[in-house]
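[1] Let me see the structure of the following:
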Amino acid sequence: QVLLVESGGGLVQAGGSLRLSCTASARPLSIYAMGWFRQAPGKERDFVAAITSNGESTNYPESVKGRFTISRDNAKNTVYLQMNSLKPEDTAIYYCAASRNTYSPSSQSTNYHYWGQGTQVTVSS
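    Below you'll find the predicted structure:
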């Protein structure tokens with residue numbers, strides 16, 4: 001089992017940037033595809049970004065494409081989510097997740113086997 005811990009959330013004004021980090025322990029992150037999801041109050045958990053285990057392929061929904069970038073540093077056992085041009089509708093708890101489907105940057109939460117506890121991102125208008 002891999003343990004995931006997110007960090008980097010906070011309060012930012014619209015148009016600002018944040019970088020989230022997800023650090024793994026107990027297992028090397030390099031054997032997992034990784035994803036970021038978010039959940040706003042009263043809403044379902046939504047896909048934000050995903051990356052294959054080797055970092056060669058990524059996947060984003062249209063809502064964040066061009067604004068968010070997922071990356072990973074397997075040597076540091078860490079995955080990042082760089083978020084630029086933030087909007088109030090980006091406000092949510094952000095979760096990182098690990099998938100044993102190594103080469104699939106899946107947008108489906110059911111394809112992920114391990115989840116972090118989440119970090120709050122709040123974007124003020």
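
[2] can you pull the contacts of the residue positioned nearest the centre of the chain?
    Nearest to the mean C-alpha position of the chain, by CA atoms, centre = their mean, lies Trp36 at 2.4 Å. The neighbours of Trp36, taking CB atoms under 8 Å, 6 or more residues apart in numbering as the test, are 20, 22, 48-50, 70, 79, 81, 94-97. Glycine gets a C-beta too; all of them are placed from N, C-alpha and C.

[3] cutoff 7 Å now
    Contacts for Trp36 (CB atoms under 7 Å, 6 or more residues apart in numbering) come out as 48-49, 70, 81, 94, 96.

[4] Which of those ranks first by neighbour count?
    Comparing the contacts of Trp36 by number of neighbours (other CB atoms under 10 Å), Cys96 comes first, having 31 neighbours.

[5] So what does that one look like in phi/psi?
    When quoted as degrees, to the nearest 10, the phi and psi of Cys96 stand at phi -100, psi 150.

[6] Tell me who's in contact with it.
    4, 6, 22, 34, 36, 79, 116.

[7] Among those residues, which ones are in strands?
    4, 6, 22, 34, 36, 79 (DSSP state E).

[8] can you tell me how far the second one sits from Trp36?
    As for Glu6, its distance to Trp36 is 9 Å (criterion: CB to CB, to the nearest Å).

[9] In terms of helix, strand or coil, where does the nearest residue to Ser107 once chain neighbours are set aside fall?
    Take Ser107 and drop its neighbours on the chain: the residue closest to it by CB to CB, 6 or more residues apart in numbering is Phe47, 4.1 Å away. Following DSSP: H, G, I helix; E, B strand; the rest coil, the label given to Phe47 is strand.

[10] pretty sure Phe47 contacts Glu62?
    No - using CB atoms under 7 Å, Phe47 is not in contact with Glu62; the gap is 10.9 Å.

[11] which one of these two has more residues nearby?
    For the pair Phe47 and Glu62, the greater number of neighbours falls to Phe47 (20 against 6), based on other CB under 10 Å.

[12] hang on, Leu3 packs against Ser25?
    Yes - with contact defined as CB under 7 Å, Leu3 reaches Ser25; the gap is 4.7 Å.
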